[in-house]
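S.K.: got a sequence here, can you build the structure:
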Amino acid sequence: MQKKKGVLEMKQKKLKKRKSINSKVKLGKGFEKKVAFKDENKRKDFSLIFQVLIIVLFLIFLAFLFSGQTKPVEINYNYTHGKMLGDVNAPVTIVEWSDFQCGFCRKFTQETLPKIYSEFVETGKVRIIFKHYPAHQNSGILAKGSECAAEQNSFWKFHELLYKINDYSKSGLINLAKETGLDVDKFSICLDSRKYEQIIKDEMGEGVSQGIKGTPSFLINGELVSGAYPFEEFKKIIDKKLLEAGNKN
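M.R.: The predicted structure is shown next:
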């Protein structure tokens with residue numbers, strides 16, 4: 001009897017031991033899950049902090065990058081290379097930044113510029129200086145082509161035709177040079193050279209420093225005008241500048 005009792009007690013002890021082990025295993029698994037969950041949250045928090053840090057550093061970099069650009073670059077009014085219309089002593093100067101692939105630039109050139117020319121340029125009241133702002137894929141070679149045409153005193157004729165073509169290759173520009181009546185050999189040599197690349201970059205840099213972000217854009221006696229506005233809007237600004245210039249004199 002005692003032997004049976006002893007065997008029974010041993011079985012009960014083993015059963016309790018198994019339950020204890022099982023409960024510890026369950027507790028271990030639960031604990032591991034909690035630890036894993038906490039670790040995952042920590043990783044997410046660290047990732048978020050890292051992303052915020054990257055953004056902050058990027059903003060600091062931008063601030064540093066543009067900190068030295070607070071003063072506008074002085075505009076070179078002396079280098080026109082045949083890209084000026086009108087009397088150099090005209091009381092109003094319009095500086096135009098343009099891109100030969102820009103649709104709104106084409107609109108201004110074909111619709112508004114002729115009216116400004118006939119009413120204000122021919123009468124000696126306004127001079128217009130053209131500056132490059134090549135922002136499209138093929139704008140660079142078109143700008144070079146116009147400078148090469150300027151070498152042969154044909155900038156404005158070439159400038160007008162550039163807005164009418166769709167072939168922006170070298171052969172397309174050569175054909176345009178023929179149509180303009182240029183010495184094709186001289187034009188081709190000029191087009192292959194890099195002699196005007198820095199000038200084009202400098203003119204674009206002048207525009208950027210003045211706050212110009214797109215084309216066409218204009219400085220009319222220092223006042224920034226952005227967009228291909230109709231002639232009537234330009235006339236209002238020009239008349240105002242003429243009045244101001246008259247008051248000064």
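S.K.: name the residues that touch the helix or strand containing Ser171?
M.R.: Assigned by DSSP states H and E, Ser171 belongs to helix 170-180. Helix 170-180 is contacted from outside by 141-142, 145, 148-149, 154, 157-158, 161-162, 165, 167, 184, 187-188, 191, using C-beta atoms under 8 Å, 6 or more residues apart in numbering. Every C-beta, even on glycine, is put in place using the N, C-alpha and C of the backbone.
S.K.: which parts of that helix are buried?
M.R.: 172-174, 176-177, 180 (16 or more other C-beta atoms under 10 Å).
S.K.: can I get the residues you listed in TSV with pLDDT and distance to Glu233?
M.R.: Listed next are those as TSV, based on pLDDT from 0 to 100; distance: C-beta to C-beta, whole Å:
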residue	pLDDT	distance to Glu233
Gly172	95	34
Leu173	96	33
Ile174	96	38
Leu176	96	31
Ala177	96	35
Thr180	94	31
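S.K.: adding distance to Val95, write the residues you listed out as a markdown table.
M.R.: Compiled in a markdown table, those are given as follows (distance: C-beta to C-beta, whole Å):
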| residue | distance to Val95 |
| --- | --- |
| Gly172 | 28 |
| Leu173 | 25 |
| Ile174 | 30 |
| Leu176 | 25 |
| Ala177 | 26 |
| Thr180 | 24 |
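S.K.: quick revisit: then the helix holding Ser171 to CSV, C-alphas only?
M.R.: The C-alpha trace of helix 170-180 is given here as CSV (Å, rounded to 0.1, in the frame of the first residue of the first chain):
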residue,chain,number,x,y,z
LYS,A,170,23.6,70.6,-86.9
SER,A,171,22.4,70.0,-90.5
GLY,A,172,19.1,71.8,-89.7
LEU,A,173,21.0,74.8,-88.5
ILE,A,174,23.3,74.7,-91.5
ASN,A,175,20.2,74.8,-93.7
LEU,A,176,18.9,77.8,-91.7
ALA,A,177,22.2,79.5,-92.2
LYS,A,178,21.9,79.1,-96.0
GLU,A,179,18.3,80.5,-95.8
THR,A,180,19.6,83.4,-93.8
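S.K.: in the chain, where is pLDDT below threshold?
M.R.: 1-48, 50-75, 78-79, 247-249 (pLDDT under 70).
S.K.: okay, domains of it per the record?
M.R.: 1-70, 84-248 (automatic domain parsing).
S.K.: re earlier: list just the nearest of the buried residues of helix 170-180 to Ile128.
M.R.: Thr180 (19.8 Å; C-beta to C-beta).
S.K.: so how far is Ala150 from the closest one?
M.R.: Here Thr180 is placed at a distance of 11 Å from Ala150 (C-beta to C-beta, to the nearest Å).
S.K.: what does Thr215 give?
M.R.: For Thr215, the distance to Ala150 equals 19 Å [C-beta to C-beta].
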